[in-house]
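Trainee: Turn this into a structure:
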Amino acid sequence: MSGPGTESGTGTTLRPYLRRKKSSLGETKVAMVGMDGVGKSAIAVRFLTRRFIGEYDQTSESKYKYTTVVDGESVSFEILDTRSTDGDHGARDDVIRWADGFMLIYSVTSRKSFDALHDIKRRIEEGKKATHVPMVVLGNKSDMTHVRQVTNDEGARLGADFACPFLELSASEDVVKVVEAFHSLCREVVEYKRRSRTFLDRVFGLKKS
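Mentor: Below is the predicted model of the structure:
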C-alpha cells in the first residue's frame, strides 16, 4: 500500500489543502468499497484535488489524509481506496475494523457492481456486529447514459433499503456531488458516534445509580 498523500501507479503527489486548526469533529476514517473498475480512485482523487484522472493502477491500495471543513467544523479525513481480494470488493475484515464509515460504490453501467453491494453491506454489518453502520451508496459514471444498466430510481431504492444517503454522479463531471458524498458520510459517522456515546452514557449511568 502506498503511503498517505500519494496515488499508486500515477507518480502524482497529492497536495491537499491542510488546515492547522484542530478538528472539533475528530478524524473520519472512510473505506471506499465496491467492485474494481467502478471509479473508487477517481472519486477519491476528485475529492482530494478537485481534478479528474481517468486511469489508475488497480493492483494496489492507496491511503490518503485530508483536512477540510464540513458544516463549519474542521474534519480530518483518512481515506482508504481499496482493491478487491478474493472477491471481497475491498470489504475485508481488517478494512471493516479500521473504518468509521463506508462509501459503497457501483457503476451505473454495471448491474453486477450494483448487485454486489448487498454482499458488501452484509460483510460490513457482520464485521462491525451492528445493523446500522455509517455508509453512503454512490452510483458513479452517470454521464455514460448510452450504456446505463442501473436507473437512478433503483439506486435511490437501494439507499432507502440500506437506510443511508444515496447519490448518483459522474466523477469526471460532478465535483460538487463528489464533495457532497464525503460530507454526507462524515455526518453519518458523527451522528453514529453521538448515538453510541449517548447509549453508553445511559448504560453506565444506570449502573452507577
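
Trainee: For the strand or helix carrying Asp94, give the mean pLDDT please.
Mentor: Taking DSSP states H and E as the definition, one finds Asp94 inside helix 93-98. Computed over helix 93-98, the mean pLDDT rounds to 97.

Trainee: helices or strands up against it?
Mentor: Judged by 3 or more C-beta pairs under 8 Å, 6 or more residues apart in numbering; DSSP states H and E, the packing partners of helix 93-98 are strand 27-33, helix 111-128. (Each C-beta comes from the backbone N, C-alpha and C, glycine too.)

Trainee: Alpha carbons of that helix, as PDB, please.
Mentor: Extracted in PDB, the C-alpha atoms of helix 93-98 (Å, rounded to 0.1, in the frame of the first residue of the first chain):
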ATOM      1  CA  ASP A  93     -12.000  -7.900   8.000                       C
ATOM      2  CA  ASP A  94      -9.100  -5.500   8.600                       C
ATOM      3  CA  VAL A  95     -10.700  -2.800   6.500                       C
ATOM      4  CA  ILE A  96     -14.000  -3.200   8.300                       C
ATOM      5  CA  ARG A  97     -12.400  -2.900  11.700                       C
ATOM      6  CA  TRP A  98     -10.400   0.100  10.700                       C
END
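
Trainee: Now the element after it, going C-ward?
Mentor: Toward the C-terminus from helix 93-98 - assigned by DSSP H and E - lies strand 101-107.

Trainee: Now for Glu73, how many residues are close by?
Mentor: 14 (other C-beta atoms under 10 Å).

Trainee: who does it bridge with?
Mentor: Beta bridges link Glu73 to Val70, judged by DSSP bridges.

Trainee: any idea how far it lies from Glu173?
Mentor: To Glu173, Glu73 is 28 Å away according to C-beta to C-beta, to the nearest Å.

Trainee: quick one: Phe47 is in a helix?
Mentor: Yes. The assignment for Phe47 is a helix, going by DSSP: H, G, I helix; E, B strand; the rest coil.

Trainee: for the residue positioned nearest the centre of the chain, what are its contacts?
Mentor: With distances taken as C-alpha atoms, centre = their mean, Met103 lies nearest the centre of the chain, 2.5 Å away. By C-beta atoms under 8 Å, 6 or more residues apart in numbering, the contact set of Met103 is 30-34, 40, 43, 135-136, 138, 181-182, 185.

Trainee: same deal with Arg122?
Mentor: Per C-beta under 8 Å, 6+ apart, neighbours of Arg122: none.

Trainee: With Ser170 instead?
Mentor: The contact partners of Ser170, taken as C-beta under 8 Å, 6+ apart, are 140-144.

Trainee: who wins for neighbours among these?
Mentor: Highest neighbour count within these: Asn140, with 28 neighbours (other C-beta under 10 Å).

Trainee: quick one: the helices in this protein?
Mentor: Per DSSP state H, the chain carries helices over the ranges 40-49, 93-98, 111-128, 152-162, 175-208.

Trainee: Fine, thanks again, bye for now.
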